[in-house]
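> Provided below are the primary sequence and the corresponding predicted coordinates.
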Amino acid sequence: MSVTQSSKAKQRSECVFSNVLDLFGDKWTLLVIRDIFFFNKHEFKEFLASPECIATNILSDRLKRLLANGVIAEQIHPENKSRKFYYLTEKGKALLPMLIAMAKWGAIYMPDLNEMQKLYARLREDEKKLLSEVMDAIEQWEAQNIPKSQ
């Protein structure tokens, strides 16, 4: 069975919005993706340290869901076999424009979020440069931590 067929078996609707929300519609999943893109977090303990205070059982569930859906992949930590690195797959990297669109919406309709001011300013200054820098940082991390065969 192909990935498309196995994913389709789990779908409750033919609506893309419904299916995207089934995967990303809770209040935690996109924060894990955000942490990888914007805060260079790749380990369980790093995700736990995010200011939103995700519970360990919820984080475990969201990581499993993202792994099962091919949005992230995992790699055994080279220094400690009981730890893992989590990183974005191509499917996961394709989410960056969606996160940027959310940030742009926030810059207009939630302009008073103090923690977002630097991101809002960078979006206004040069969105393409920001996108390039985020992807360059992801690629640099991968080059240092993920074997070429992955």
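Here it is on my side, so go on.
> Quick check: nearest residue in space to the spatially most central residue of the chain, chain neighbours excluded?
Central residue of the chain (CA atoms, centre = their mean): I33, 1.5 Å from the mean position. Leaving out its chain neighbours, the residue that sits closest to I33 by CB to CB, 6 or more residues apart in numbering is L95, at 5.7 Å. Every residue, glycine included, has its C-beta placed from N, CA and C.
> Any figure for the gap between that neighbour and A121?
From L95 across to A121, the span is 22 Å (CB to CB, to the nearest Å).
> is it true that A73 lies in a strand?
Yes. The assignment for A73, made by DSSP: H, G, I helix; E, B strand; the rest coil, places it in a strand.
> hey, what's it bridged with?
Y87 (DSSP bridges).
> follow-up on the earlier one: what separation do you get for the residue nearest to the centre of the chain and K148?
Distance from I33 to K148, counting by CB to CB: 24 Å.
> At which residues are the helices of the chain located?
According to DSSP state H, the chain carries its helices in the segments 3-10, 16-24, 29-39, 44-48, 56-68, 90-93, 96-109, 117-145.
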